[in-house]
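A.B. asks: Next one to model:
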Amino acid sequence: MRNVDAAGLGIGDDYPPRIMGVLNVSKESPYKPSVFNDPGEAAEYVDRELIDEGADIVDVGLESANKKFEVLSAEDELDRLETAIEVVESVSGDAVFSIETRYHEVAEAALDANFDMVNDICGFADPKMPEVCDARDAAVAKMASPPDLERPGAVEEVDDIYEALSLNGLTDKTIVDPAFGGWSEAKTLEHDRETFHRLREFRGYGQPILVSINRKNFLRSVADRDTEGALPVSLAATSMAVERGAHVVRTHDVAETRDAALIGTEFARRRVREAGDVDVEELDVTTVREAQRHVDRIGGDTDAARQAVVHVFELTGLGPEERGALRAAATETGLALVEGDDGTNVLLVGTPVAFENAAAAAGGVSGALDAALERLAGVVQ
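C.D. replies: All right, here's what the predicted structure looks like:
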């Protein structure tokens, strides 16, 4: 996993999770506590409510990305940028300042002033955006989006989200964002839940991952909470996201989110091993699809992904003939079989390929065993 240096702030597996607090200078923003027009008041908020509470990054939004509002032009954003620059100049605390925009002109002006990084909500739909960030050696968060400056985040299926992040490439300092939230009318809560389930796949890019899940509908609906009561579900999801590989968490609830993220990283698997001059990383792979992302990244043999995951299942209530069929199948397919003392319980250990082959080899002995093996072969895909 590549680490990214964002104006001296390390982001990646070698660093603790980073918290991105939010400031809006857009009157349209739905989260009113973070909205300011007066630079002095905004700077005080940033110091007191964001940096002092643990924000490593402050993301400044110039307009609401809510699809019900008209999209501002680059010129309109540049007008608002003047206020944002005043805020940054007035802040006394230490943080990395990120400008949220979709336009390279705005990113360029912000980086040439006092901003440190860019949060591109249109995922390089403006093809000059990566050039601007590269030229200034700036980190850039790239949110999955179609090639359309007026439709940020308007992708639904996980595979499409993953592919959208390839639009116009990646800089060496890109942080990928899978775009959680209702960015399009077609996107459902199930789409977001599926993306969260498959979050580890986005490690296949080899770049740090940013998630923006604070009080999002796909979490609120699980516990039947409104926005005001959704902090607990956000914190639970934050810990899970960090454990699954997220490196930056964007939030309005800085102090609480920081604590949840620290719990997530404390119990995440240790991914990197010290090995002298050779870098060794144990990839966090739990499914064939996750393995496939890494195989694709290095241009390897796609069949290898189906050998990269091992599953363990326990079967109970087997008769002597069924156990005998499994012993024979294990010998033929490389599936490991462990039998219990009482003879009725067995553990099956193997790759998806081994389970598929075992299902074919042991088939026909009984309807119950056929159903069980068919089910297992389906689960491991």
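A.B. asks: By mean pLDDT, which helix or strand of this structure comes out lowest?
C.D. replies: Least confident helix or strand of the chain, by mean pLDDT, DSSP states H and E, is strand 272-273 with a mean of 72.
A.B. asks: Against which helices or strands is the helix or strand that comes right after that one packed?
C.D. replies: Next helix or strand after strand 272-273 toward the C-terminus (DSSP states H and E): strand 280-281. Here strand 280-281 touches strand 272-273, going by 3 or more CB pairs under 8 Å, 6 or more residues apart in numbering; DSSP states H and E. Where you see a C-beta, it was placed from the backbone N, CA and C, and this is true even at glycine.
A.B. asks: Can you get me a residue count around G93?
C.D. replies: 13 (other CB atoms under 10 Å).
A.B. asks: In contact with it: list those residues for me.
C.D. replies: Residues counted as contacts of G93 (CB atoms under 8 Å, 6 or more residues apart in numbering) are V46, D47, L50, I51, D52.
A.B. asks: With respect to Q207, which of these is nearest?
C.D. replies: L50 (24.8 Å; CB to CB).
A.B. asks: Would you mind confirming that the closest one is in contact with V96?
C.D. replies: No - the pair L50 and V96 fails to qualify as a contact (CB atoms under 8 Å) at a distance of 11.5 Å.
A.B. asks: which residues do these two both contact?
C.D. replies: Each of V58 lies in contact with both L50 and V96 under the rule CB under 8 Å, 6+ apart.
A.B. asks: Which residue of these two possesses the greater neighbour count?
C.D. replies: Taking neighbours as other CB under 10 Å, L50 and V96 compare with L50 leading, 27 against 20.
A.B. asks: so the more buried one sits in a strand?
C.D. replies: No - the assignment for L50 (DSSP: H, G, I helix; E, B strand; the rest coil) gives helix, which keeps it out of a strand.
A.B. asks: Could you measure from it over to T257?
C.D. replies: Distance of L50 to T257, computed by CB to CB, to the nearest Å: 11 Å.
A.B. asks: On the three-state scheme, I19 is what?
C.D. replies: Secondary structure state of I19, per three-state DSSP, is strand.
A.B. asks: contacting residues for it?
C.D. replies: G54, A55, D56, I57, V248, V249, T251, V254, T257, R258, A261.
A.B. asks: Among the residues you listed, which are located in strands?
C.D. replies: I57, V248, V249, T251 (DSSP state E).
A.B. asks: now those in JSON lines, with distance to T227 and neighbour count?
C.D. replies: Converted to JSON lines, the ones in strands among the contacts of I19 look like this (distance: CB to CB, whole Å; neighbours: other CB atoms under 10 Å):
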{"residue": "I57", "distance to T227": "23", "neighbour count": "28"}
{"residue": "V248", "distance to T227": "22", "neighbour count": "30"}
{"residue": "V249", "distance to T227": "18", "neighbour count": "30"}
{"residue": "T251", "distance to T227": "13", "neighbour count": "28"}
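A.B. asks: Just name the closest of these to T286, please.
C.D. replies: In terms of CB to CB, no member of the ones in strands among the contacts of I19 lies closer to T286 than V249, at 21.2 Å.
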